[in-house]
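Colleague: show me how the following folds:
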Amino acid sequence: MANTVNVNFRMDESLKKSMEKVCAEMGMTMTTAFTVFATKVSREKRIPFEINADPFYSESNMRHLQNIVRDIKEGRAHFEEHELIEVDD
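Modeller: Numbers count the residues shown, from 1 in each chain. Below you'll find the predicted structure:
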């Protein structure tokens with residue numbers, strides 16, 4: 001077995017708890033998950049997944065959504081009921 005070392009880094013507490021829960025559901029520890037990640041990065045010489053910015057979470061969209069929520073809470077939003085449109089594939 002290879003020598004092991006400790007690797008320390010900071011992470012938001014709620015993110016850590018969430019990851020621990022997901023890892024446990026998959027039958028592994030966070031250490032195992034990070035080791036799998038590090039192994040894949042080392043072998044492929046790249047991040048093993050696409051990293052991009054989801055436009056839904058952009059600052060401008062978040063402001064827009066907050067304004068809609070505010071309008072709803074203040075009774076200024078107007079909604080119209082409409083029929084559901086079904087599309088065949």
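Colleague: shaky segments in the protein?
Modeller: By pLDDT under 70, the low-scoring segments of the chain are 1.
Colleague: need the helices for it, in chain order.
Modeller: For the chain, the helices defined by DSSP state H cover 13-25, 30-44, 59-73.
Colleague: count the residues that sit near the closest residue to N61 other than its chain neighbours.
Modeller: In space, and not counting its chain neighbours, N61 is closest to P55: 6.6 Å by C-beta to C-beta, 6 or more residues apart in numbering. Backbone N, C-alpha and C define where each C-beta goes, glycine included. P55: 8 surrounding residues under other C-beta atoms under 10 Å.
Colleague: repeat for E25
Modeller: So E25, with other C-beta under 10 Å, has 8 neighbours.
Colleague: with the one 10 residues further on instead?
Modeller: Number of residues near T35 (other C-beta under 10 Å) recorded here: 14.
Colleague: gap between it and F49?
Modeller: 16 Å (C-beta to C-beta, to the nearest Å).
Colleague: one more: T4?
Modeller: Distance of T4 to F49, given as C-beta to C-beta: 25 Å.
Colleague: can you check E59 too?
Modeller: Distance of E59 to F49, given as C-beta to C-beta: 24 Å.
Colleague: roughly how far does F34 sit from N8?
Modeller: Counting by C-beta to C-beta, the separation of F34 from N8 is 12 Å.
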